[in-house]
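>>> Task: produce atomic coordinates for the following.
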Amino acid sequence: MAERFERHRQPWKPDEIQKLHTLAKKGMALKAIAKALTRSEESVKEQAKRDGLSIAKLH
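This next block holds a predicted model:
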């Protein structure tokens, strides 16, 4: 069964978006970024797409 996230459908805060940008630019993997932000991988992927970021597939 998929993990449940307490923050399901919560809006992204500016500091979270900033952290996403920082981690993505460092080349962190999607799974690691999701864990660091306590967000689902899908949520991180969607936000990154909206912001035009590319995230490393595997590490």
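>>> Name the nearest residue to the spatially most central residue of the chain, sequence neighbours excluded.
Among the residues of the chain, V44 comes closest to the average C-alpha position under C-alpha atoms, centre = their mean, at 2.8 Å. The shortest distance from V44 to any residue other than its chain neighbours is 4.7 Å, reached at A34 (C-beta to C-beta, 6 or more residues apart in numbering). Where you see a C-beta, it was placed from the backbone N, CA and C, and this is true even at glycine.
>>> Name the surrounding residues that touch the strand or helix carrying the one you found.
Per DSSP states H and E, A34 falls inside helix 30-37. Helix 30-37 has contacts (C-beta atoms under 8 Å, 6 or more residues apart in numbering) with 16, 19-20, 23-24, 28, 40-41, 43-45, 55-57, 59.
>>> Going by neighbour count, which residues of that helix are buried?
By neighbour count with 16 or more other C-beta atoms under 10 Å, helix 30-37 contains the buried residues 30, 32-34, 37.
>>> Repeat that for stretch 13-26.
16-17, 20, 23-24.
>>> How about G27, nearest residue that isn't a chain neighbour?
A56 (5.2 Å).
>>> what does the model give the one you found for pLDDT?
If you check A56, the pLDDT there is 80.
>>> looking at it, it is touching K25, isn't it?
No. A56 lies out of contact with K25 (C-beta atoms under 8 Å); the separation is 10.6 Å.
>>> which ones are touching the residue nearest to the centre of the chain?
When contacts are counted by C-beta under 8 Å, 6+ apart, V44 is found next to 20, 30, 33-34, 37, 55.
>>> and whatever helix or strand comes next after the helix holding A34, what's its mean pLDDT?
For helix 30-37, the following helix or strand on the C-terminal side (DSSP H and E) is helix 41-50. Helix 41-50 carries an average pLDDT of 94.
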